[in-house]
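Asker: structure of the sequence below:
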Amino acid sequence: MAADGSERTLVLDSAGQIYLNDWSPDGQSLLYTNISTETVSDLWRLPLTGDRKPVPLLATPASESHGQYSPDGRWIAFTSDDSGQLEVYVGNAAARERVRVSSRGGGFARWRADGKELFYRSLDGRLMAVSVSFDGGAPQFGTPVALMEIVEPLGTFAYPYDVSPDGERILTMKPASPERNAAPLTVLINWYAALKN
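Answerer: A predicted model of the protein is given here:
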C-alpha cells in the first residue's frame with residue numbers, strides 16, 4: 001500500500017503461513033519464507049510484475065528462512081539447518097549455488113549497504129561481522145569476527161538488530177547483565193490451597 005495508507009493491493013493470498021523477508025533492490029520482487037508441513041520452511045520469490053506467480057527458490061527437506069538480497073540483488077543471504085544446525089549461507093539469486101558463511105552456527109543475516117560486509121547473530125548470542133569481496137565475480141568471505149553480545153530474537157522472524165548503511169552503527173538491545181540467564185525463576189507451591197482462603 002502507499003505510505004499514507006491508501007491504495008492497498010493484495011499481492012499474495014496463501015493458505016499457509018508466510019513471512020516477508022526482503023524486497024529486492026530493483027523493487028521487482030519480494031522474498032519470503034513459506035511455512036510448509038512437507039518441508040518445514042522454504043524460501044520463495046514473488047515477482048511484482050507480469051503474472052505475479054510465486055517461484056520457489058529453496059524448497060528442500062531442510063529448513064530455509066530469513067532471506068536477504070544483497071545490495072546489487074545478485075546474491076541472497078539466508079539461514080538453513082541443512083548441516084544439522086542453523087547456519088548462514090549465501091547463494092546466487094537463482095539459488096543454484098551457495099556457500100556457508102557462519103563457522104559455528106548462526107542466523108538473521110543482514111548486508112551492509114555496499115555489500116562489502118555481512119552481519120549475523122551467532123547461536124551463542126553474539127553479533128558477527130564477515131568481510132565480503134567479489135574477486136572473480138563470486139563473493140569471497142573473510143573470517144567471522146564477534147562484535148558484541150545481543151539479545152535473543154523476540155520471535156522466529158523478528159530481527160534482533162539492524163545496521164546503518166555504512167555499517168558503523170548498530171541498533172540492538174543488549175542483555176541487561178553479563179549473565180545471560182540472570183532472570184529469576186519463581187515457583188509457587190500449593191497455589192490451589194491459597195485460592196480457598
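Asker: bridged to V90, which residues?
Answerer: Assessed by DSSP bridges, V90 has beta-bridge partners A77, V99.
Asker: can you give me the pLDDT of it?
Answerer: Model confidence at V90, given as pLDDT, is 94.
Asker: ditto for L118
Answerer: On the pLDDT scale, L118 gets 96.
Asker: can I get the helix or strand where it lies in CSV? Just the C-alpha atoms.
Answerer: In this structure, L118 sits in strand 117-122 according to DSSP states H and E. Extracted C-alpha coordinates of strand 117-122, given in CSV (Å, rounded to 0.1, in the frame of the first residue of the first chain):
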residue,chain,number,x,y,z
GLU,A,117,30.2,-6.8,4.9
LEU,A,118,27.6,-9.3,6.1
PHE,A,119,26.3,-9.4,9.7
TYR,A,120,24.6,-12.3,11.5
ARG,A,121,23.7,-13.5,15.0
SER,A,122,25.7,-16.5,16.2
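Asker: what packs against that strand?
Answerer: Packing partners of strand 117-122 (3 or more Cβ pairs under 8 Å, 6 or more residues apart in numbering; DSSP states H and E): strand 87-92, strand 106-111, strand 126-133, strand 161-163. Any C-beta I mention is one placed from the backbone N, CA and C, and that applies to glycine too.
Asker: make it 10 Å
Answerer: Secondary-structure packing of strand 117-122 (3 or more Cβ pairs under 10 Å, 6 or more residues apart in numbering; DSSP states H and E): strand 64-69, strand 75-80, strand 87-92, strand 106-111, strand 126-133, strand 145-149, strand 161-163.
Asker: would you turn the ones you listed into CSV with mean neighbour count and distance to V55?
Answerer: What follows is the helices and strands packed on strand 117-122, written out as CSV (neighbours: other Cβ atoms under 10 Å; distance: least, Cβ to Cβ, whole Å):
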stretch, mean neighbour count, distance to V55
strand 64-69, 25, 13
strand 75-80, 26, 13
strand 87-92, 22, 14
strand 106-111, 23, 21
strand 126-133, 18, 26
strand 145-149, 13, 35
strand 161-163, 17, 28
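Asker: contact partners for the closest residue in space to V101 that isn't next to it in sequence?
Answerer: Of all residues not flanking V101 in the chain, V88 sits nearest, at 4.6 Å (Cβ to Cβ, 6 or more residues apart in numbering). Contact partners of V88, counting by Cβ atoms under 10 Å, 6 or more residues apart in numbering, are 66, 68, 77-80, 100-103, 105-109, 118-122, 128, 130, 141, 144.
Asker: quick check: the nearest residue to V145 once chain neighbours are set aside vs P165, distance?
Answerer: Using Cβ to Cβ, 6+ apart and skipping the chain neighbours, the partner closest in space to V145 is A129 (5.3 Å). As judged by Cβ to Cβ, to the nearest Å, A129 and P165 stand 15 Å apart.
Asker: over to Y19?
Answerer: For Y19 relative to P165 (Cβ to Cβ), the value is 24 Å.
Asker: who's more crowded, those two?
Answerer: Higher neighbour count among Y19 and P165: Y19, with 16 against 11, using other Cβ atoms under 10 Å.
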